[in-house]
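In: predicted model and sequence below, questions to follow.
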Amino acid sequence: MLAAISRYGARVLPATEDIVARLKAGGELIQGPHIAQFEDAFARRAGSGHAVSASYGRMAFYYILKALDLPRGSEIILPALTFWVVPALAQVAGLKVVFADVDPSTFTLDPASLERAITPATRAVVPTHLYGLPCDMDAIMAIARRHDLRVIEDCAHALGATYKGRPVGTIGDAGFFSFQTLKPLNCYGGGMALVADAAVAARVRALADRERWPDEKRVVNRLLVGRVQRILIKPWVFSISAFPILWVSSLIGANPDVYLWEEIRALDPLPDVYTERFPNVQAAIGLAALDELDEWTERTRRHARVMDQALGDLPGIFVPKAPADRTHVYYQYCVYGPQRDELVVKCVRRGIDIETLHVDVCSDLDLFAGAAVEPAGAPGAHRAAQAMQIPVYSSLTDEQTARVARVVRGVLAQSTA
């Protein structure tokens, strides 16, 4: 019997346990020199900007907003297709959220929709490099300059991606990155702000440094949960743990995905776990993992090319396309096809776990019922929400990738025959 393949795969540094044990023995699990070293290495890799670590990528975003000192009640434009936490934190920062549409062929912010969404009250825009593909930054930056807008890049999915040779996060005024377990750089949590202006960066640092240090028990537990997660998504463990639940759910039409994600809710006041500093042990893991990032990214891109070759010639199937001026790091490999939900069920029954929507059409959520949407609405976001996300992550072997391609092609070919 073949092992089932999870939709998710974590990038795991082989020396993780050794790093944790060494720092714990030396009393440097929480505070220590690796935080500054990680920030310096991150900024050097980007080639410009000032890096400041945070408890979450979302908190890096929040600190950037506060440091920019945008007028309370002014408008900030975000793509309608994004993770709900980002616009929720813009609201906590005292801003009015406005949603622009995305281009469904790239899943990223549509510059024409951005321009239609701008009003005299607009002060900032958040281009989200969704699923690992950079936005059309030349067009977005030109619009921002015309309207005197701050540009904050959401790079949570896209560390390692470039636009015309420039790393994401270095094109606008600032960028923010996430280091959650499934992200391109896995530090078992945390995030980074990358800020162009030194004075703004100093204000971001002052906000981050004002937070309390986490207690050791919380950090140890976080690392333990991350270890359990990465074990559970190994094919043979996944086959006897989570996969049977997915398989039964496919038979009865249930959707267990709702239990995988953070509850959508108001974030004011900020949750306790948000308001703490980034610990030394996670910085040490990130510092070492930076050396592996390019190899992990290239392996993922190689798997994406295998999927392109397997699926690209099927009628009615649209595989992701990266414009020639951008590098795609494929945090998610998104495919359009007919009868998506039926295709997902058929893949699950053949041992391949396929995801549907990894983020949210935020303009549809009750949490943002009072938010404005650009005049044409968000048809692109609703179209993009119908994509399937096929595993191509770096921890798959070549044999596993070939099997995913073979099964998915077989299922999709039957649906279009």
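Out: Looks like it came in fine.

In: what is the least confident helix or strand in this protein?
Out: helix 242-252 (a mean of 77; mean pLDDT, DSSP states H and E).

In: helices or strands up against that one?
Out: Contact analysis of helix 242-252 by 3 or more C-beta pairs under 8 Å, 6 or more residues apart in numbering; DSSP states H and E lists helix 340-349 as its packing neighbours. (Glycine included, C-beta is placed from N, CA and C.)

In: can you pull the buried residues of the helix it packs on?
Out: Of the residues in helix 340-349, 340, 343-348 count as buried by neighbour count, 16 or more other C-beta atoms under 10 Å.

In: averaged pLDDT, the helix or strand just after it. What do you get?
Out: Per DSSP states H and E, helix 340-349 leads on to strand 360-361 as the next helix or strand towards the C-terminus. The pLDDT scores in strand 360-361 average 95.

In: outside of the following helix or strand past strand 360-361, which residues touch it?
Out: Downstream of strand 360-361, the first helix or strand assigned by DSSP H and E is strand 372-373. The contact list for strand 372-373, computed with C-beta atoms under 8 Å, 6 or more residues apart in numbering, reads 75, 80, 96-99, 117, 363.

In: check which helix or strand the residue lying closest to residue 290 once chain neighbours are set aside maps to.
Out: Leaving aside its sequence neighbours, residue 290 sits nearest to residue 41 (C-beta to C-beta, 6 or more residues apart in numbering; 5.7 Å). Element membership of residue 41, judged by DSSP H and E, is helix 34-46.

In: what's the spacing between the residue nearest the centre of the chain and residue 133?
Out: Note on the chain: the residue nearest the mean C-alpha position is residue 157, at 3.1 Å, using C-alpha atoms, centre = their mean. Remark: distance between residue 157 and residue 133 (C-beta to C-beta, to the nearest Å) = 8 Å.

In: check which residues of the helix holding residue 41 are buried.
Out: 34-35, 38-39, 41-43, 46.

In: for it, give me every contacting residue.
Out: 23, 28, 49-53, 167, 169-170, 192, 194, 278-281, 283-284, 286-287, 290.

In: got it, and stretch 338-355?
Out: Contacts for stretch 338-355 (C-beta under 8 Å, 6+ apart): 2-7, 238-239, 243, 246-247, 250, 257, 316, 332, 337, 356, 386-391, 403-404, 407-408, 410-412, 414-416.

In: out of those, which sit inside helices?
Out: Using DSSP state H, 238-239, 243, 246-247, 250, 403-404, 407-408, 410-412, 414-416 are the members of the contacts of stretch 338-355 that sit in helices.

In: hang on, the earlier thing: and which of the contacts of strand 372-373 is nearest to residue 321?
Out: Proximity of the contacts of strand 372-373 to residue 321 (C-beta to C-beta) peaks at residue 80, which lies at 21.0 Å.

In: give me the number of residues near the closest one?
Out: 32 (other C-beta atoms under 10 Å).

In: that one and residue 89, how far apart?
Out: From residue 80 over to residue 89 (counting by C-beta to C-beta), the distance is 17 Å.

In: repeat for residue 174
Out: In terms of C-beta to C-beta, residue 174 sits 14 Å off from residue 89.

In: more neighbours: which of these two?
Out: residue 174 (29 against 22).

In: quick one: residues contacting the more buried one.
Out: 49, 64, 68, 151-153, 193-196, 200, 204.

In: need those residues in TSV (columns: pLDDT).
Out: Shown next, in TSV, are the contacts of residue 174 (pLDDT from 0 to 100):
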residue	pLDDT
49	98
64	98
68	98
151	99
152	99
153	99
193	99
194	99
195	98
196	98
200	98
204	98
